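# Return a 3D structure for these sequence lines:
(2 chains)
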Number of protein chains: 2
Amino acid sequence: MNSLHFTVETSSNGVIERDFTVGEIPGVLWSPASGADRAPLVLMGHGGGTHKRWPAMTGRARLLVTHGGFHVACIDAPGHGDRPRTAYDEQEVDAMLRARAAGEPEGPIVVRYNAHLAERAVPEWRATLDALQELPEIGAEGPVGYFGLNMGTATGVPFVASDPRITAAVLGLHWPDALAGTARQITVPVEFVMQWDDEHIPREAGLALFDAFASKEKTLHVNPGRHKELPRFEADSALRFFVRHLGRAVM
Amino acid sequence: MNSLHFTVETSSNGVIERDFTVGEIPGVLWSPASGADRAPLVLMGHGGGTHKRWPAMTGRARLLVTHGGFHVACIDAPGHGDRPRTAYDEQEVDAMLRARAAGEPEGPIVVRYNAHLAERAVPEWRATLDALQELPEIGAEGPVGYFGLNMGTATGVPFVASDPRITAAVLGLHWPDALAGTARQITVPVEFVMQWDDEHIPREAGLALFDAFASKEKTLHVNPGRHKELPRFEADSALRFFVRHLGRAVM
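Below is the predicted model of the structure:
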């Protein structure tokens, strides 16, 4: 198994930020400057076309560290951020861009490509979590949450379904096609977001994926607006969801 | 106009609780024991068959006062709590009980009766708010929220639509039939709850009422479970919604 190597460390406003690698996988770990010992861990999966330091990732990480007292980790997905693209990655990205330029639906391509990326990403998440739990300030006993929307949900659904270490998940903004069957195996608490006027994902599709989760506690949050217009206050809601389920009180 | 008369005052755990009347309308006003001056006001409409001191009302009131710093008021709806029932009230309650005993749908009766009660209740809410705003610790300038589910939404929708003093509302758990048209006139922020396995209100009906609000900011929260199984954490969410929109910080 690959262990975790820290490369760069910075600190600001009470948050320690450490770049790391686990084998070929680059990631970032955000931690509280104080009180980090054995704090719960939240893993964040980024969306398609973005990366581990996308503003939505760094913003959510700082919120979770500062107000939840959590460790938060994000890794670059295959073909994203600092990672090389395969010939297949290039082909699928080209197909998406062509569809967008032609005003054709991107959904079928995104569903297919995200399912492919998830197959590569899930073992990477498992290896990353193994390595993170070797760190003394995290450990193997603490609760672990997963927070990923869009492509982060395409990876998150099979990851959460197959890894019993994940005890709560915030997911959403995805089609059910490749995911609903796997979502039926998930029983941990889920908070699920969708956009009521999503130009890519029909309402029925979002509702169908929410419906699929077997979790006794699951909450759907619907807001008006297009695919990328998720209101900022949903990050606050995710914070409170993780505080409720991972067990660290709001400070 | 009727002014407000306080009758009984008690205080516990930092919350002052005062019974009042406005004309024939009995109510309760919960306020913070300190820092109450010009605090925002939240009006709570109770559900059908309950009253102003139903546990859900007192629990939400204490939460909003303690963690939001608000004044919170609830009045008995017509035909509920300490108020007399008319012959028509008796007739409709009997019709509901007969439907329930026969295992027939209660929805059509509830929709019809709630619409009738709302016509009586809206002017009472307006008079109560007039009187509450005469109190020096509340005043006429501060923001006002409305929080009412079930029958509290049947009254809340026409009240919020017609009274510009209400600037944010938490609503839900109702059919759209008598309300959707009026909901289309509402533009203030709304948080709307529905139960995914509601034995009385079909999913499409709940979604249709959410869809009707013209508010630019509106959020739907869906949870599994039957009509009366709304999770307790939705009250915490309502608190944060009111803090966000009525402007008092969480203490």
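# Enumerate every residue touching A:Ala102.
Listed by CB atoms under 8 Å, 6 or more residues apart in numbering or on different chains, the contact set of A:Ala102 is empty. C-betas here are computed from N, CA, C, even on glycine.
# Up against chain B, what does the stretch 51-200 of chain A have?
Contacts of the stretch 51-200 of chain A with chain B, taken as CB under 8 Å from any CB of the partner chain, map to A:Trp196.
# I'd like to know how many residues surround the residue in the stretch 51-200 of chain A that chain B sits nearest to.
In the stretch 51-200 of chain A, the residue that lies nearest chain B is A:Trp196 (7.6 Å; CB to the nearest CB). Close neighbours of A:Trp196, defined as other CB atoms under 10 Å in any protein chain shown, add up to 18.
# swap in the one 10 residues further on?
Applying other CB under 10 Å, we find 23 other residues in the vicinity of A:Gly206.
# ok, now A:Glu229?
By other CB under 10 Å, the burial measure for A:Glu229, its neighbour count, is 12.
# go on, A:Met44?
The burial count for A:Met44: 28, using other CB under 10 Å.
# now for the longest helix seen in chain A, which elements pack on it?
Counting residues, the longest helix found in chain A (DSSP state H) is helix A:107-133. Judged by 3 or more CB pairs under 8 Å, 6 or more residues apart in numbering or on different chains; DSSP states H and E, the packing partners of helix A:107-133 are strand A:4-12, strand A:15-22, strand A:25-32, strand A:41-45, strand A:71-75, helix A:87-101, helix A:151-162.
# Adding mean pLDDT as columns, could you present these in CSV?
Output for the helices and strands packed on helix A:107-133, formatted as CSV (pLDDT from 0 to 100):
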stretch, mean pLDDT
strand A:4-12, 96
strand A:15-22, 98
strand A:25-32, 98
strand A:41-45, 98
strand A:71-75, 98
helix A:87-101, 96
helix A:151-162, 98
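# Figure out which of these is closest to B:Arg18.
Across the helices and strands packed on helix A:107-133, B:Arg18 has its closest neighbour in strand A:25-32 (42.8 Å, CB to CB).
# Give me the below-cutoff pLDDT ranges for chain A.
A:249-251 (pLDDT under 70).
# what about stretch A:5-15, distance to the chain center?
Averaging C-alpha positions (CA atoms, centre = their mean, to the nearest Å) puts stretch A:5-15 21 Å from its chain's average.
# where's the most far-flung residue of chain A relative to its centre relative to A:Tyr88, distance?
The C-alpha centroid of chain A is most remote from A:Ala102, which lies 29.8 Å away (CA atoms, centre = their mean). A:Ala102 sits at a distance of 21 Å from A:Tyr88 (criterion: CB to CB, to the nearest Å).
# before we move on, what about A:Thr167?
In terms of CB to CB, A:Thr167 sits 34 Å off from A:Tyr88.
# Have a look at these two and say which one is more surrounded.
A:Thr167 (18 against 12).
# In space, what's closest to the more buried one - neighbours in sequence excluded?
Closest residue in space to A:Thr167, ignoring its immediate chain neighbours: A:Pro143 at 4.9 Å, by CB to CB, 6 or more residues apart in numbering or on different chains.
# I figured that neighbour hits A:Ala169, correct?
No: A:Pro143 is not in contact with A:Ala169 according to CB atoms under 8 Å; the separation is 11.8 Å.
# Between these two, which has more neighbouring residues?
A:Ala169 (33 against 18).
# what's near enough to touch the more buried one?
The contact partners of A:Ala169, taken as CB under 8 Å, 6+ apart, are A:Gly145, A:Tyr146, A:Phe147, A:Gly148, A:Gly156, A:Val160, A:Ile186, A:Val188, A:Pro189, A:Val190, A:Glu191.
# Pairing partners for the first one in the sheet, please.
Beta bridges link A:Gly145 to A:Val42, A:Ala168 when assigned by DSSP bridges.
# If you count neighbours, what's buried in whatever helix or strand A:Glu204 lives in?
Using DSSP states H and E, A:Glu204 sits in helix A:203-212. Buried positions in helix A:203-212, judged by neighbour count with 16 or more other CB atoms under 10 Å in any protein chain shown: A:Ala205, A:Gly206, A:Leu207, A:Ala208, A:Leu209, A:Phe210, A:Asp211, A:Ala212.
# just to revisit the earlier point, could the helices and strands packed on helix A:107-133 be laid out in JSON lines, adding distance to B:Arg98?
Formatted as JSON lines, those follow (distance: least, CB to CB, whole Å):
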{"stretch": "strand A:4-12", "distance to B:Arg98": "67"}
{"stretch": "strand A:15-22", "distance to B:Arg98": "62"}
{"stretch": "strand A:25-32", "distance to B:Arg98": "60"}
{"stretch": "strand A:41-45", "distance to B:Arg98": "52"}
{"stretch": "strand A:71-75", "distance to B:Arg98": "56"}
{"stretch": "helix A:87-101", "distance to B:Arg98": "58"}
{"stretch": "helix A:151-162", "distance to B:Arg98": "47"}
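# now, which of the buried residues of helix A:203-212 lie close to chain B?
Answer for those near chain B (CB under 8 Å from any CB): A:Phe210, A:Asp211.
# could you measure the spatially closest residue to A:Ile16 that is not a sequence neighbour against B:Gln133, distance?
In this structure, A:Ile16 finds its nearest non-sequential neighbour in A:Ser31, 4.8 Å apart by CB to CB, 6+ apart. Using CB to CB, A:Ser31 is found at 49 Å from B:Gln133.
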